[in-house]
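Participant: For reference, the sequence and a predicted model appear below.
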Amino acid sequence: MNAEENPRARVSWALLCGLIIMLNALNYALQSGRCTDYIPESEATSTCSMEPALGWPGSVLLAIVSTVVIGYCINRMLRPSR
């Protein structure tokens with residue numbers, strides 16, 4: 001049974017694509033931060049840094065896996081039209 005016979009399958013693949021896009025957007029939108037405060041006597045500067053929720057290595061891995069999965073989802077949605 002292909003997606004033309006079952007339109008719910010095409011909708012399911014589209015919802016999966018939307019879920020993956022939302023997961024990536026949340027990863028980059030929700031930032032985690034870290035601040036290092038020094039006492040004034042040390043004359044060092046206090047610093048703060050922000051990064052995505054999963055950190056940069058996790059975000060790169062998420063982006064690579066998401067690209068592959070979204071490509072597969074699009075392939076499955078468009079397969080019957082070939």
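Facilitator: Sure, I can see it. Numbers count the residues shown, from 1 in each chain.
Participant: what's the distance between Ile21 and Val60?
Facilitator: Note on Ile21: its distance to Val60, by CB to CB, to the nearest Å, is 17 Å. Every residue, glycine included, has its C-beta placed from N, CA and C.
Participant: same deal with Ser49?
Facilitator: 17 Å.
Participant: pull the helix or strand with minimum mean pLDDT from this structure.
Facilitator: Least confident helix or strand of the chain, by mean pLDDT, DSSP states H and E, is strand 31-36 with a mean of 82.
Participant: Please identify the pairing partners of the helix or strand that that strand is followed by and their relative orientation?
Facilitator: Following strand 31-36 in sequence order, the next helix or strand is strand 47-52 (DSSP states H and E). Here strand 47-52 is paired, per DSSP bridges, with strand 31-36 (antiparallel).
Participant: What helix or strand is the residue nearest to Ala14 when sequence neighbours are not counted located in?
Facilitator: Excluding its sequence neighbours, the residue lying closest to Ala14 (CB to CB, 6 or more residues apart in numbering) is Met77, at 6.4 Å. Under the criterion of DSSP H and E, Met77 resides in helix 55-78.
Participant: quick one: contacts of that helix?
Facilitator: 3, 9-10, 13-14, 16-17, 20-21, 23-24, 27-28, 32, 52, 54 (CB atoms under 8 Å, 6 or more residues apart in numbering).
Participant: burial count for Gly58?
Facilitator: Applying other CB atoms under 10 Å, we find 13 residues neighbouring Gly58.
Participant: which stretches of this structure have low pLDDT?
Facilitator: Applying pLDDT under 70 to the chain flags residues 1-5, 80-82.
Participant: Repeat the analysis, applying 80 as the threshold.
Facilitator: Along the chain, segments meeting pLDDT under 80 span 1-7, 38-44, 79-82.
Participant: Let's check: the centremost residue of it is which one?
Facilitator: Asn24 (1.8 Å; CA atoms, centre = their mean).
Participant: For burial, what's the neighbour tally of Asn62?
Facilitator: Quick fix: residue 62 reads Leu, not Asn. By other CB under 10 Å, 18 other residues sit near Leu62.
Participant: Centre of the chain to stretch 27-46, how far?
Facilitator: Taking CA atoms, centre = their mean, to the nearest Å, one finds stretch 27-46 lying 26 Å from the centre of the chain it belongs to.
Participant: Cool, thanks, signing off.
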